[in-house]
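Colleague: Need a 3D model of the sequence below.
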Amino acid sequence: MKLKLYAAAALALLAGVAAAQDIKVGVTLSATGPAASLGIPERNTFALLPRTIAGHKVDYIVLDDGSDTTTAVKNTRKLITEDKVDVVVGSTVTPNSLAMIDVAAETETPMISMAASSRIVEPMDAKRRWVFKTPQNDQQMATVIVSDMLRRGIKSVGFIGFTDAYGEGWWTTFSLIAEGRGLRIVGNERYQRTDTSVTGQILKIMAAKPDAVLIAGSGTPAALPQKTLKERGYTGTIYQTHGVANNDFLRVCGKDCEGTLLPAGPVLVADQLPADNPVRKSALAYVAAYEKEHGKGSVSTFGGHAWDAGVLLQHALPTAAKKAKPGTKEFRAALRDALEGVKEAAGAHGIFNMSPTDHLGLDQRAAVMVEIKNGAWRLIK
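Modeller: Numbers count the residues shown, from 1 in each chain. The predicted structure is shown next:
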């Protein structure tokens, strides 16, 4: 009897050691609320990521923050303090991600954001050294937009964006690049993600008679200004940001989206990329994996950001696991260092080359210009 008890105790101890060495990835994303059309494909993508890396079982603990900043922070703290995760991935939107930085830095836990603003990782400081992200910076996408505007002979632009950090980040970046290259900005308006009308703002912009209008929104709420512009008879060129690159936006915006121009990650038009495009192969790999589970045409760029977080982890976790055991402070520090050292990691959106001063690691290969044509995405070559 004593031998059986000893054996049972030994097995329990071994099981506890094995469980302690599992790698835990905590995720908070916006599967409900205004950003749900972004967060749902992200959530779907985490189900596709590998469950074993470097010989360790990987547990993904996924929470919904409802597109709410306070909830995102609570989720982050719960994942770190209660679930004892080794890394946090999230959130879906910029305001949530910015709010999470303090928790990640305070607990010295690596964080990979799936939101776009460059302010998530810039300027580099003691807090942001723990933070990485996968979506292209505003500067990269704004540069693509401005170049396209100049190519089309556009001289004046009206701007309308979210009242939050996403809209403000785009205004700061776009206005600087646009004015620096000779474009005249004739309007700067804002609206809430939850607004049901932007008529007043659109009428102000239209009164200035801009050649083009840039809408700095994300997800389905970005359709509201566009539909209002069309309803009010605007005939100029309409640009959106890469924050609308999913099928739910096409569905909500409908015929009012026809002819819209936007920058996007290559994954959105992966099958249209030239054979020699360096991102084509890795982008198509994600498309194939996602569409196998969710059907043809179901891919969005936002799920691609979650996939790329997985790509970064697949490159960094083996290095960290050689230096420390998962579940420890030393492992989290080693993982942070390994993420900073990722080189030539091919993802759905581009090729990642991180450094101590660059926690995004993407170059202009991560951006293409796209037009909405006949209700679908078309690569502008």
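
Colleague: and the closest residue to residue 83 other than its chain neighbours, how many neighbours?
Modeller: Nearest residue to residue 83, sequence neighbours excluded (Cβ to Cβ, 6 or more residues apart in numbering): residue 61, at 5.3 Å. (Glycine included, C-beta is placed from N, CA and C.) For residue 61, the neighbour count with other Cβ atoms under 10 Å is 18.

Colleague: Repeat that for residue 246.
Modeller: For residue 246, the neighbour count with other Cβ under 10 Å is 23.

Colleague: Quick one: residues contacting it.
Modeller: Residue 246 makes contact with 37, 38, 41, 219, 300, 301, 302, according to Cβ atoms under 8 Å, 6 or more residues apart in numbering.

Colleague: so what's it closest to, chain neighbours aside?
Modeller: Nearest one to residue 246, counting by Cβ to Cβ, 6+ apart, is residue 300 at 3.4 Å.

Colleague: Torsion angles phi and psi at the one you found?
Modeller: phi -130, psi 160 (degrees, to the nearest 10).

Colleague: What of residue 65?
Modeller: Dihedral angles for residue 65 - degrees, to the nearest 10 - are phi -100, psi 0.

Colleague: Surely it and residue 95 touch.
Modeller: No - when contacts are counted by Cβ atoms under 8 Å, residue 65 is not listed as touching residue 95 (10.6 Å).

Colleague: The two: who's more crowded?
Modeller: Neighbour count, other Cβ under 10 Å: between residue 65 and residue 95, residue 65 has more, with 28 against 20.

Colleague: Check the more buried one and give its pLDDT.
Modeller: Note on residue 65: pLDDT of 98.

Colleague: who are the neighbours in contact with it?
Modeller: By Cβ under 8 Å, 6+ apart, the neighbours of residue 65 are 28, 29, 30, 33, 71, 72, 75, 90, 91, 92, 96.

Colleague: Show me those residues that map onto helices.
Modeller: 71, 72, 75, 96 (DSSP state H).

Colleague: Using TSV, please lay out those together with pLDDT, distance to residue 136 and neighbour count.
Modeller: Shown next, in TSV, are the ones in helices among the contacts of residue 65 (pLDDT from 0 to 100; distance: Cβ to Cβ, whole Å; neighbours: other Cβ atoms under 10 Å):
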residue	pLDDT	distance to residue 136	neighbour count
71	98	26	19
72	98	21	28
75	98	25	28
96	97	18	30
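
Colleague: before we move on, the earlier item: can you tell me which of the contacts of residue 65 comes closest to residue 279?
Modeller: Within the contacts of residue 65, the smallest distance to residue 279 is 22.3 Å, found for residue 92 (Cβ to Cβ).

Colleague: so can I have JSON lines of the contacts of residue 65 showing distance to residue 135?
Modeller: JSON lines is the format used below for those (distance: Cβ to Cβ, whole Å):
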{"residue": "28", "distance to residue 135": "16"}
{"residue": "29", "distance to residue 135": "13"}
{"residue": "30", "distance to residue 135": "14"}
{"residue": "33", "distance to residue 135": "19"}
{"residue": "71", "distance to residue 135": "21"}
{"residue": "72", "distance to residue 135": "16"}
{"residue": "75", "distance to residue 135": "19"}
{"residue": "90", "distance to residue 135": "12"}
{"residue": "91", "distance to residue 135": "12"}
{"residue": "92", "distance to residue 135": "10"}
{"residue": "96", "distance to residue 135": "13"}
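
Colleague: Pick the one among the residues you listed closest to residue 146.
Modeller: Closest to residue 146, out of all of those and judged by Cβ to Cβ, is residue 92, at 26.3 Å.

Colleague: Verify the contact between residue 236 and residue 214 for me.
Modeller: No - look at residue 236 against residue 214 with Cβ under 8 Å: they stay out of range, at 10.9 Å.

Colleague: quick one, which of the two is more surrounded?
Modeller: Neighbours were counted for residue 236 and for residue 214 using other Cβ under 10 Å; residue 214 has more, 29 against 16.

Colleague: Return the set of residues that bridge with the nearest residue to the more buried one once chain neighbours are set aside.
Modeller: Ranked by Cβ to Cβ, 6+ apart and with sequence neighbours excluded, the top spatial neighbour of residue 214 is residue 239, at 4.6 Å. Taking DSSP bridges as the rule, residue 239 bridges to residue 214, residue 261.

Colleague: Can you tell me how far residue 239 is from residue 372?
Modeller: Here residue 239 is placed at a distance of 11 Å from residue 372 (Cβ to Cβ, to the nearest Å).

Colleague: Could you name every residue contacting both of those two?
Modeller: With Cβ under 8 Å, 6+ apart, residue 239 and residue 372 have common neighbours 260, 261, 262.

Colleague: Now distance to residue 228 and pLDDT too, for those residues, in JSON lines please.
Modeller: What follows is these, written out as JSON lines (distance: Cβ to Cβ, whole Å; pLDDT from 0 to 100):
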{"residue": "260", "distance to residue 228": "14", "pLDDT": "98"}
{"residue": "261", "distance to residue 228": "18", "pLDDT": "98"}
{"residue": "262", "distance to residue 228": "18", "pLDDT": "98"}
